[in-house]
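Participant: 3D model of this:
(one chain, ligands or ions: 1)
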Amino acid sequence: MEEKCRAVVLKTTDYKDNDKMLTLFSYEYGVISACARGVKKASSKLKFAVQPFCFCEYVFKTSSGRRTIVSADLIESFYGIRESSEKYYAGCLALEFSMLFAPEGDDGRALFLLLGEFLETLCYSAVKVKTALAAFLLNGLRIAGYELAVSGCIRCRKPVKNRAFFNFGAGAAVCEECAGEGDIEINPSTVALLSSLEGRKLTGLTDVDFPEMIENKALRLLIHFTRLKTGVELRSASGLSLGR
Ligand SMILES: [Zn+2]
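Facilitator: The predicted structure is shown next:
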């Protein structure tokens with residue numbers, strides 16, 4: 001039986017002498033694995049289709065539940081992501097995040113589309129890399145069922161101004177008046193950055209311009225929150241110089 005799908009390569013692993021196993025995030029089936037036979041040989045015509053970030057239409061042959069790639073048509077290589085180490089690690093972090101949260105089956109479409117939008121933003125827009133990554137993580141967490149409440153104080157609903165606190169259990173900002181035990185003080189600009197990203201298209205974030213120190217704080221908060229909810233450390237973060 002043959003099947004077709006459009007997918008982004010999340011991860012590749014060497015398999016036997018000449019093969020690679022791919023973890024693909026597909027629009028049609030969510031996360032799937034597929035074997036790329038003979039792809040480590042110099043003569044392989046599939047080399048282009050086994051690079052992380054690569055977006056292709058793949059045709060598989062399936063037998064006893066295992067998929068083998070028969071052919072691939074390149075839709076977008078997102079090669080520009082490799083032009084700076086900041087873009088590269090931000091892209092890798094988004095792939096890792098997708099591995100963590102993308103379900104099997106077609107429930108993953110919202111996250112798939114967000115990942116595509118993020119890779120396109122990294123590659124082709126003037127949006128700051130760390131700002132785009134923060135927006136990806138904020139939106140991705142919402143899709144995964146861990147929505148952060150950052151547009152005002154979770155308790156009194158008023159805007160968070162002079163001093164800001166964050167409750168990691170609730171994933172929510174808290175104002176100075178309402179803050180209590182378990183709420184951690186954070187930089188109010190971090191809350192301002194996160195709330196400026198809510199509900200926005202990633203490619204349109206060119207007007208968001210916070211200092212890198214604040215971008216780093218927002219990213220550390222999002223990554224820490226992800227770790228608290230899943231127990232998983234997003235390892236590509238170490239390539240991003242996020243401070244502390
Ligand atoms: Zn309050």
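Participant: how is this structure carved up into domains?
Facilitator: Per automatic domain parsing, the domain ranges recorded for the chain read 2-76, 86-240.
Participant: Format the ones you listed as TSV; extra columns: distance to the ion.
Facilitator: In this view, the C-beta of every residue, glycine as well, is placed from N, C-alpha and C. Formatted as TSV, the domains of the chain follow (distance: least, Cβ to the ion, whole Å):
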stretch	distance to the ion
domain 2-76	39
domain 86-240	3
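Participant: Comparing these, which stretch has the densest surroundings?
Facilitator: Compared across the domains of the chain, domain 86-240 shows the largest average neighbour count, a mean of 18 (mean count of other Cβ atoms under 10 Å).
Participant: dump the residue contacts of residue 242.
Facilitator: For residue 242, the set of contacting residues under the criterion of Cβ atoms under 8 Å, 6 or more residues apart in numbering consists of 216, 219-220, 223.
Participant: give me that answer again for 6 Å
Facilitator: Residue 242 makes contact with 216, 219-220 under the criterion Cβ atoms under 6 Å, 6 or more residues apart in numbering.
Participant: hang on, the earlier thing: export the domains of the chain as a markdown table, with columns for mean pLDDT.
Facilitator: Converted to a markdown table, those look like this (pLDDT from 0 to 100):
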| stretch | mean pLDDT |
| --- | --- |
| domain 2-76 | 93 |
| domain 86-240 | 95 |
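Participant: Could you list which residues are in contact with residue 156?
Facilitator: Counting by Cβ under 6 Å, 6+ apart, residue 156 makes contact with residue 178.
Participant: And residue 95, which helix or strand is it part of?
Facilitator: Mapping residue 95 onto the secondary structure by DSSP states H and E places it in helix 85-101.
Participant: now what about that helix, what contacts it?
Facilitator: Applying Cβ under 6 Å, 6+ apart, the set of residues contacting helix 85-101 from outside is 10, 25, 53, 81-82, 115, 118, 122, 129, 133, 136, 140, 144, 232, 234, 236-237, 239-240.
Participant: Counting only helices, which of those make the cut?
Facilitator: Per DSSP state H, helices hold the following members of those: 115, 118, 122, 129, 133, 136, 140.
Participant: so the third one sits right up against residue 80, yeah?
Facilitator: Just to be clear, that refers to residue 122. No: the pair residue 122 and residue 80 does not pass the contact test of Cβ atoms under 6 Å, sitting 7.4 Å apart.
Participant: part of a strand, is residue 61?
Facilitator: Yes: counting by DSSP: H, G, I helix; E, B strand; the rest coil, residue 61 falls inside a strand.
Participant: Run through the bridge partners of it.
Facilitator: Legend: beta-bridge partners of residue 61 under DSSP bridges are residue 2, residue 68.
Participant: so it sits right up against residue 67, yeah?
Facilitator: No: between residue 61 and residue 67 there is no contact, the gap being 7.3 Å when judged by Cβ under 6 Å.
Participant: could you give the angle of the longest helix along the chain to helix 85-101?
Facilitator: What stands out as the longest helix in the chain, according to DSSP H, is helix 212-230. An angle of 20 degrees separates the directions of helix 212-230 and helix 85-101 when computed by axes from the mean of the first three to the mean of the last three Cα atoms, to 10 degrees.
Participant: Having no further points to raise, I will conclude here.
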